[in-house]
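Sequence first, predicted model second:
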Amino acid sequence: MFNLVLFGPPGSGKGTQSENIIKSFELQHISTGDLLRSEVKHETPLGVEAKKFMDQGQLVPDEVVIGMISSKIDAHPDSNGFIFDGFPRTVAQAEALDKLLQFKETPINIVLSLIVNEEELMARLINRGKDSGRSDDNEEVIAKRLKTYHNETAPVATFYDEQDKLVEIKGVGTVEDIFSAISKEIEQSM
Ligand code: B4P
């Protein structure tokens, strides 16, 4: 099994690059952002609760997200491996993921961290907001999301660096060039 974490701030291209990765490598894609948006869309009790946090640029509580991930992993017992996109976003989530995977005797192999400057992130997300219909893609909420990233998510990079799993990828440039750098790292690590 091969397990990959795609890490980076909001708008760094995790979703965009995940789409390319799943086309080239036979891995199961798990995006907590997509899962949460689907719950919101269907107005499930979880979605109604999650929306309150997402609309404020805050993270959804760890226990909700960890529960979602656990059932998603269980739903794919025969998978070759997983791409975790947008998860873990806190050190508590990273520790929980290690425990879940330990139980399945399959660790995280590599963490690819997309490096993009704040000005570019803001520009991309405002641009996406023009037609995404996402309630968290406006300037005020984006600024809050970036702050949440620095306070709660950035320490996850140190967590994986200490396990010698973190690889930084330049996330500015064409989608194709970034994907090519990502592919090289995956192939070397497989
Ligand atoms: P996510 O859905 O994970 O979304 P994201 O961080 O906004 O975007 P991503 O990095 O995937 O960017 P994308 O490829 O789309 O999170 C949304 C919210 O859900 C969070 O704020 C939080 O509230 C909640 N949530 C999710 N996971 C959670 C967790 N684990 N715990 C708690 N809460 C959680 O790219 C963005 C834009 O840039 C696109 O328009 C794209 O076209 C463009 N772009 C991409 N690559 C480009 C490039 N190379 N050049 C130019 N533009 C590019």
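Nice, I can see it.

Show me which residues of this protein sit near the ligand.
With the criterion set to CB under 6 Å from any ligand atom, the chain comes near the ligand through 8, 10-16, 32-33, 36, 53-54, 59-60, 65, 86-87, 89, 93, 124, 128, 136, 145, 175, 178. (C-beta placed from N, C-alpha, C; glycine too.)

any idea how far the residue of the chain found nearest the ligand is from residue 180?
Residue of the chain nearest the ligand, by CB to the nearest ligand atom: residue 33 (1.8 Å). Per CB to CB, to the nearest Å, residue 33 is found 24 Å from residue 180.

Show me which of the two is the more surrounded one.
residue 33 (18 against 12; other CB atoms under 10 Å).

what's the closest non-adjacent residue to the more buried one?
Using CB to CB, 6 or more residues apart in numbering and skipping the chain neighbours, the partner closest in space to residue 33 is residue 86 (4.6 Å).

And for the one you found, the neighbour number?
Residue 86, neighbours per other CB under 10 Å, totals 22.

try residue 7
27.

I figured it was touching residue 113, is that so?
Yes. Proximity of residue 7 to residue 113 meets the contact threshold set by CB atoms under 8 Å, at 4.5 Å.

what residues are shared contacts of the two?
157, 166 (CB atoms under 8 Å, 6 or more residues apart in numbering).

so how far is residue 78 from the residue most central in space within the chain?
Central residue of the chain (CA atoms, centre = their mean): residue 86, 1.3 Å from the mean position. When CB to CB is applied, the distance between residue 86 and residue 78 equals 24 Å.

Identify the residues contacting the helix or strand where residue 146 lies?
Secondary structure from DSSP states H and E places residue 146 in helix 139-148. Outside helix 139-148, the residues within contact range by CB under 8 Å, 6+ apart are 9-11, 55-59, 118, 121-122, 125-126, 129, 135-136.

which is the next helix or strand following it?
helix 155-161.

what lines up beside the next helix or strand after that following helix in the sheet?
On the C-terminal side of helix 155-161, the closest following helix or strand by DSSP H and E is strand 166-170. Sheet pairing of strand 166-170 (DSSP bridges) gives strand 110-115 (parallel).

Quick one: distance of the partner strand to the chain centre.
Using CA atoms, centre = their mean, to the nearest Å, the mean C-alpha position of strand 110-115 is found 10 Å from that of the whole chain.

What residues of that strand count as buried?
110-114 (16 or more other CB atoms under 10 Å).
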